[in-house]
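Asks: heads up, no residue letters with this:
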């Protein structure tokens, strides 16, 4: 079953050159944070370019449940009248975060230091994902969490009545955990400190500063140390959301493997904590260039041009790059199938606990389509067959995971035989215009009978 209805099978097959401009949706990470920080500011925050995928719409609905006035003005423009730090009201009903691990973890952090109670749930995929990685540090503030065995949703959080600031070392690289702790620290007195050994996406730090919070970042012997002074009055902002690099990955990677392709993807956020995929593709020999580089809303932005690259080669992706491209490994493995030689991806155990076990899901699907894959607890290696030598022909299970579904549809665009995905419905959570956007470029994607 799809996350939000009956299964939606789709089939992708070899096509002519992909050409044109791919205007992908707004950045999902920044969209979530815009709504949450807007709800915690005093006054009206306006947002343009918001990603209107189901994940972000679920976060908007949650902010309404906590008392903020969130209005869709049309055309990707939104207004959020915030209630201030510590001003969340207790929701009347269960907060359903759908498929969004980012949404639920950030919202938990935002409410953890307010004296209210909230119950969270999600779809089958989200309810199987671990929440202890967030609820454990939130407990240090004084927040209580009662959930299912293994720290899974549905889960009730009892916010701290008298929160205390914390000093927390993030045990594994996770922007979600870091952000949850920082959001909780907003309503705690004194200074909350988060230390991460490896830098993860820093949208939360950038946006907190933009909203007027007192936050500093320092490089220490222990890693990147972020210090937040609690109980500020956040000032409303106008936020222009850059386009999502994780969504851009799909038309970019498709252009690299489909003969004759030349695709421009404008206005992509190139925050260095998010751009690891594009660095990796260039190292593999991809014809990928940045045009019109600029800064918008404090974030580096550029237009990406991707052209067919017949001589891609396999590489060993540096493990330390994982945090900057963790969501892009599934589609990278598709590109690796069309490269020559082995592509090694290590230090990626986080992929085991995403919307699905992404290593397992991609390994099974790639093997079914004629690609050799080796895997371990935190690594996998794809044996590339070179351009024109990928058999295809299989039906792949999306595992209720939008990125798995899109990755296999990209695979089918350059395979010898069509590739089917058993359920493409979850794509709507992050990239609702994926199907028409790819078709407009020339992709042969069709809805198929199950």
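Replies: Looks like it arrived, so ask away. As the structure is a computational prediction, the values presented were derived from the model and not from experiment.

Asks: domains for this structure, by residue range?
Replies: Listed domain ranges for the chain are 10-26+242-447, 28-239 (source: automatic domain parsing).

Asks: okay if I get the ones you listed as TSV plus mean pLDDT and mean neighbour count?
Replies: (C-beta placed from N, C-alpha, C; glycine too.) Conversion of the domains of the chain to TSV gives the following (pLDDT from 0 to 100; neighbours: other Cβ atoms under 10 Å):
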stretch	mean pLDDT	mean neighbour count
domain 10-26+242-447	96	21
domain 28-239	96	20
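
Asks: for residue 391, phi and psi?
Replies: Taking degrees, to the nearest 10, you get phi -70, psi -50 for the backbone angles of residue 391.

Asks: and if you look at the one 5 residues further on?
Replies: Geometry field for residue 396 lists phi and psi as phi -110, psi 140, criterion degrees, to the nearest 10.

Asks: with adjacent residues omitted, what lies nearest to it?
Replies: Ranked by Cβ to Cβ, 6 or more residues apart in numbering and with sequence neighbours excluded, the top spatial neighbour of residue 396 is residue 365, at 3.7 Å.

Asks: part of a helix, is that neighbour?
Replies: Yes. Secondary structure assignment places residue 365 in a helix (DSSP: H, G, I helix; E, B strand; the rest coil).

Asks: shouldn't it be in contact with residue 404?
Replies: Yes. Between residue 365 and residue 404 a contact is recorded at 7.4 Å, counting by Cβ atoms under 8 Å.

Asks: overlap of the contact sets of the two?
Replies: With Cβ atoms under 8 Å, 6 or more residues apart in numbering applied, the overlap between the contact sets of residue 365 and residue 404 consists of 396, 397.

Asks: need the contact list for residue 101.
Replies: Taking Cβ under 8 Å, 6+ apart as the definition of contact, the neighbours of residue 101 are 126, 129, 176, 354, 355.

Asks: and the gap between residue 421 and residue 10?
Replies: Relative to residue 10, residue 421 is positioned 5 Å away (Cβ to Cβ, to the nearest Å).

Asks: okay, now stretch 290-305: how far is its last residue from its first?
Replies: Distance between the two ends of stretch 290-305: 7 Å, counting by Cα to Cα, to the nearest Å.

Asks: what's in contact with that stretch?
Replies: Counting by Cβ under 8 Å, 6+ apart, residues outside stretch 290-305 touching it are 30, 203, 206, 210, 239-242, 248, 252, 262-272, 278, 288-289.

Asks: residue ranges of the helices in the protein, please?
Replies: When assigned using DSSP state H, the helices of the chain occupy the ranges 28-40, 54-65, 101-111, 132-141, 175-185, 203-210, 245-257, 276-283, 329-337, 358-368, 402-412, 434-441.

Asks: end-to-end on stretch 65-75?
Replies: Rule used - Cα to Cα; the end-to-end distance of stretch 65-75 is 23 Å.

Asks: off-centre distance for it?
Replies: 22 Å (Cα atoms, centre = their mean, to the nearest Å).

Asks: show me the contacts for residue 427.
Replies: Residue 427 makes contact with 402, 405, 406, 434, 435 under the criterion Cβ under 8 Å, 6+ apart.

Asks: was I right about residue 56 contacting residue 28?
Replies: Yes. Between residue 56 and residue 28 a contact is recorded at 6.4 Å, counting by Cβ under 8 Å.

Asks: so can I have CSV of the helices of the chain showing distance to residue 86?
Replies: As requested, the helices of the chain are arranged in CSV below (distance: least, Cβ to Cβ, whole Å):
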stretch, distance to residue 86
helix 28-40, 8
helix 54-65, 15
helix 101-111, 10
helix 132-141, 13
helix 175-185, 11
helix 203-210, 15
helix 245-257, 32
helix 276-283, 36
helix 329-337, 38
helix 358-368, 37
helix 402-412, 34
helix 434-441, 39
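
Asks: contacting residues around residue 344?
Replies: With contact taken as Cβ under 8 Å, 6+ apart, residue 344 is in contact with 314, 315, 316, 317, 379, 381.

Asks: where's it relative to residue 433, distance?
Replies: With distances defined as Cβ to Cβ, the gap from residue 344 to residue 433 amounts to 33 Å.

Asks: residues touching residue 350, list them.
Replies: Residues in contact with residue 350, defined by Cβ under 8 Å, 6+ apart, are 172, 173, 174, 322, 326.

Asks: what is the nearest of those to residue 52?
Replies: The shortest approach to residue 52 among these belongs to residue 326, at 23.6 Å (Cβ to Cβ).

Asks: ok, the closest one - contacts?
Replies: When the contact criterion is Cβ under 8 Å, 6+ apart, the partners of residue 326 are 348, 350, 351, 354.

Asks: for residue 446, see how far away residue 243 is.
Replies: For residue 243, the distance to residue 446 under the criterion Cβ to Cβ works out to 26 Å.

Asks: just to revisit the earlier point, what's the spacing between the residue nearest to residue 396 and residue 284?
Replies: Counting by Cβ to Cβ, the gap from residue 365 to residue 284 is 21 Å.

Asks: over to residue 346?
Replies: 16 Å.

Asks: for residue 204, same thing?
Replies: 31 Å.

Asks: please apply the same query to residue 11.
Replies: From residue 11 over to residue 284 the distance is 27 Å, taken as Cβ to Cβ.

Asks: try residue 336
Replies: Between residue 336 and residue 284 the distance is 8 Å, computed by Cβ to Cβ.

Asks: list residues touching both of those two?
Replies: When Cβ under 8 Å, 6+ apart defines a contact, the residues bordering residue 336 and residue 284 alike are 314, 343.

Asks: right, and residue 240 touches residue 48 too?
Replies: Yes. Counting by Cβ under 8 Å, a contact exists between residue 240 and residue 48, whose distance comes to 5.2 Å.

Asks: which ones are touching the residue nearest to residue 39 when sequence neighbours are not counted?
Replies: With Cβ to Cβ, 6+ apart as the measure, residue 68 is the residue that lies nearest to residue 39, at 3.7 Å, once sequence neighbours are left out. For residue 68, the residues meeting the contact criterion (Cβ under 8 Å, 6+ apart) are 38, 39, 80, 81, 82, 83.

Asks: show me which of the residues you listed is closest to residue 332.
Replies: Distance to residue 332 across the contacts of residue 68 (Cβ to Cβ) is lowest for residue 38, with 33.1 Å.

Asks: so what sits opposite residue 83 in the bridge?
Replies: residue 42 (DSSP bridges).

Asks: same question for residue 264.
Replies: Bridge pairing for residue 264 (DSSP bridges) gives the partners residue 21, residue 305.
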